[in-house]
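Q: please work out how this folds:
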Amino acid sequence: MTWIYLAAGLGLAGLVVVGIAGARVVAAARTLEREMRQIAEAKAQLELRRARLAGRGDETAPQAAYDRG
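A: Numbers count the residues shown, from 1 in each chain. This next block holds a predicted model:
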């Protein structure tokens, strides 16, 4: 009978370890999702700024006197 209790206790302890590991995985996945969302937002902001700057032309528009030749 003692062996049955020992086996049940070890099984329960194993389930606790698996549950803790699963909780850590879920927490890490949430953190990763949050970081990916931040990266996507930063990329969108950079794209908007890039498009706005691309519409301006070159650094010297119209050309400066020293660029005209």
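
Q: and the strands in the chain?
A: In order along the chain, the chain carries no strands (DSSP state E).

Q: show me the shaky parts of this protein.
A: Scanning the chain for pLDDT under 70 picks out 56-69.

Q: if we use 80, what do you get?
A: 53-69 (pLDDT under 80).

Q: the helices in it, which residues?
A: Secondary structure of the chain by DSSP state H: the helices cover 2-54.

Q: quick one: contacts for Arg37?
A: Residues near Arg37 by Cβ atoms under 8 Å, 6 or more residues apart in numbering: none. No exception for glycine: its C-beta is placed from N, CA and C like everyone else's.

Q: distance of it relative to Thr31?
A: Separation of Arg37 from Thr31 (Cβ to Cβ, to the nearest Å): 11 Å.

Q: repeat that for Ile20.
A: To Thr31, Ile20 is 17 Å away according to Cβ to Cβ.

Q: do the same with Leu46
A: Plainly put, Leu46 is 23 Å away from Thr31 if you go by Cβ to Cβ.

Q: ok, Glu47 - how many residues close by?
A: Counted with other Cβ atoms under 10 Å, residues neighbouring Glu47 total 10.

Q: let me redo that: Ala27
A: Number of residues near Ala27 (other Cβ under 10 Å) recorded here: 10.

Q: can you pull the contacts of it?
A: No contacts exist for Ala27 under Cβ under 8 Å, 6+ apart.

Q: distance of it relative to Val17?
A: 16 Å.

Q: just how off-centre is stretch 39-56 within its chain?
A: Centroid separation for stretch 39-56 versus its chain: 19 Å, with Cα atoms, centre = their mean, to the nearest Å.

Q: err, stretch 3-22, not the other one
A: Relative to its chain's centre, stretch 3-22 lies at 33 Å (Cα atoms, centre = their mean).

Q: name the residues that touch it?
A: By Cβ under 8 Å, 6+ apart, stretch 3-22 touches no other residue.

Q: okay, that stretch in CSV with CA atoms only?
A: In CSV, the C-alpha atoms belonging to stretch 3-22 read as follows (Å, rounded to 0.1, in the frame of the first residue of the first chain):
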residue,chain,number,x,y,z
TRP,A,3,4.1,1.9,-2.9
ILE,A,4,0.8,3.2,-4.2
TYR,A,5,0.9,6.3,-2.1
LEU,A,6,4.5,6.9,-3.1
ALA,A,7,3.7,6.5,-6.8
ALA,A,8,0.6,8.8,-6.4
GLY,A,9,2.8,11.4,-4.6
LEU,A,10,5.5,11.3,-7.2
GLY,A,11,2.9,11.6,-10.0
LEU,A,12,1.4,14.6,-8.3
ALA,A,13,4.8,16.2,-7.9
GLY,A,14,5.5,15.6,-11.6
LEU,A,15,2.2,17.3,-12.5
VAL,A,16,3.1,20.3,-10.3
VAL,A,17,6.5,20.6,-12.1
VAL,A,18,4.8,20.4,-15.5
GLY,A,19,2.2,23.0,-14.5
ILE,A,20,4.9,25.4,-13.3
ALA,A,21,6.8,25.0,-16.5
GLY,A,22,3.6,25.5,-18.5
